[in-house]
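Enquirer: Using only what follows, build the 3D model:
(one chain, ligands or ions: 1)
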Amino acid sequence: MTQTIAFIKMHGLGNDFVVLDARLTPLPQMTPHIARALGDRRTGIGFDQLVLLEPSETQAFRMRIFNSDGSEVEACGNAARAVALLHSEPAVIETGGGPIALEPLDGGARVDMGAPRFDWDAIPLAYPMDTVTMPVAWENLEAPMAVNVGNPHVIFFVDDADAVPLETLGPVIEHDPLFPERVNVNVASLAGSDHLKLRVWERGAGLTRACGTGACATAVAAIRRGLVASPVRVTLPGGDLVIAWAPGGTILMSGPAAESYRGTFDWDDYAAGAGA
Ligand SMILES: N[C@H](CCC[C@H](N)C(=O)O)C(=O)O
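Expert: Residues are numbered from 1 along each chain as shown. The predicted model follows:
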């Protein structure tokens, strides 16, 4: 018996999502195989991340995130804004990276992403290391900072982010054994005293038009290094986010989100093919 599943296609600055809402009616078990099959842009629906909303015992509801490679991860900033818009009222929700607070705004949302973590074993790294100026390099990307904002990020500050061959260096760094849970790779350049340009190779999804947690991690790193003042405008290929943070506080991310369209798919088409 085929199971017709409704989905909502959304995006935040072009970082696109398929949202499945299981808060009222349970869905079949999501597996990495099925997420990967759904995420395939040739044969599936296609997305950077799949967002699964479920009931929660501790918060308004739970948001689970699957990258297009099928990996389940702890956080997704752009998806949080999309879900805020969908939920249409302020809410604190449960995520793998801890609770976050959603506040829908006209055409987007403001999200309190919680406090960043900096210790080597919170990133995590495979062994102890200074995470403020890491003594490591990959070709001419060197001396990065590592920050966990619910998910792991490594941030390189360069003269010109557009000049970095991120499509080749990104996967090498993502899969380096220094990062036992892999890592999101951020390359940023200064565009003003409160303005950064950012490109991101995302763990489990590759180059994306925007990365909300990447913008949060990069803004925090730049503020810690004294490169910019908060609030910081972060310009990604898909557009701008505004990030506010002060040492010891939580990260406030503001920016647009939108619904693209609504549709349905037959679960069995993906479950069978995915060997579930
Ligand atoms: N690729 C990320 C998840 C999605 C993050 C990004 N899409 C965002 O908006 O934060 C990871 O594996 O941690």
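
Enquirer: Work out for me the element Thr213 sits within.
Expert: helix 212-224 (DSSP states H and E).

Enquirer: Is the ligand within reach of that helix?
Expert: Yes: using C-beta under 6 Å from any ligand atom, helix 212-224 reaches the ligand at 212-213. The C-beta positions use only the backbone N, C-alpha and C, and glycine is treated the same way.

Enquirer: helix or strand right after that helix?
Expert: strand 232-236.

Enquirer: packing partners for that next one?
Expert: strand 184-192, strand 195-202, helix 212-224, strand 239-244 (3 or more C-beta pairs under 8 Å, 6 or more residues apart in numbering; DSSP states H and E).

Enquirer: From the chain's centroid, how far away is that strand?
Expert: 15 Å (C-alpha atoms, centre = their mean, to the nearest Å).

Enquirer: any residue of it up close to the ligand?
Expert: No: for strand 232-236 and the ligand, the contact criterion (C-beta under 6 Å from any ligand atom) is not met; the two come no nearer than 9.6 Å.

Enquirer: Check what contacts that strand and list those residues.
Expert: 13, 188, 191-192, 194-200, 209-211, 214-215, 218-219, 222-223, 240-244 (C-beta atoms under 8 Å, 6 or more residues apart in numbering).

Enquirer: export the helix holding Thr213 as PDB, just CAs?
Expert: Provided in PDB are the C-alpha atoms of helix 212-224 (Å, rounded to 0.1, in the frame of the first residue of the first chain):
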ATOM      1  CA  GLY A 212      23.200  29.900   8.400                       C
ATOM      2  CA  THR A 213      25.400  28.100  11.000                       C
ATOM      3  CA  GLY A 214      28.400  29.000   8.800                       C
ATOM      4  CA  ALA A 215      27.500  32.700   9.000                       C
ATOM      5  CA  CYS A 216      27.000  32.400  12.800                       C
ATOM      6  CA  ALA A 217      30.300  30.600  13.300                       C
ATOM      7  CA  THR A 218      32.200  32.900  11.000                       C
ATOM      8  CA  ALA A 219      30.800  36.100  12.600                       C
ATOM      9  CA  VAL A 220      31.700  34.700  16.100                       C
ATOM     10  CA  ALA A 221      35.200  33.900  14.900                       C
ATOM     11  CA  ALA A 222      35.700  37.400  13.400                       C
ATOM     12  CA  ILE A 223      34.400  39.100  16.500                       C
ATOM     13  CA  ARG A 224      36.700  37.000  18.700                       C
END
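
Enquirer: packing partners for it?
Expert: Going by 3+ C-beta pairs under 8 Å, 6+ apart, helix 212-224 lies up against helix 77-87, strand 145-148, strand 152-157, strand 184-192, strand 195-202, strand 232-236, strand 239-244, strand 252-256.

Enquirer: Contacts for the second one, please.
Expert: Okay, so that is strand 145-148. Counting by C-beta under 8 Å, 6+ apart, residues outside strand 145-148 touching it are 97, 116-118, 120, 122-125, 131-134, 152-155, 183, 217, 220-221, 224-225.

Enquirer: quick one: that strand near the ligand?
Expert: No: taking C-beta under 6 Å from any ligand atom as the criterion, strand 145-148 and the ligand are apart, separated by no less than 9.8 Å.

Enquirer: Not counting its neighbours along the chain, what's nearest Thr95?
Expert: Nearest residue to Thr95, sequence neighbours excluded (C-beta to C-beta, 6 or more residues apart in numbering): Met63, at 5.2 Å.
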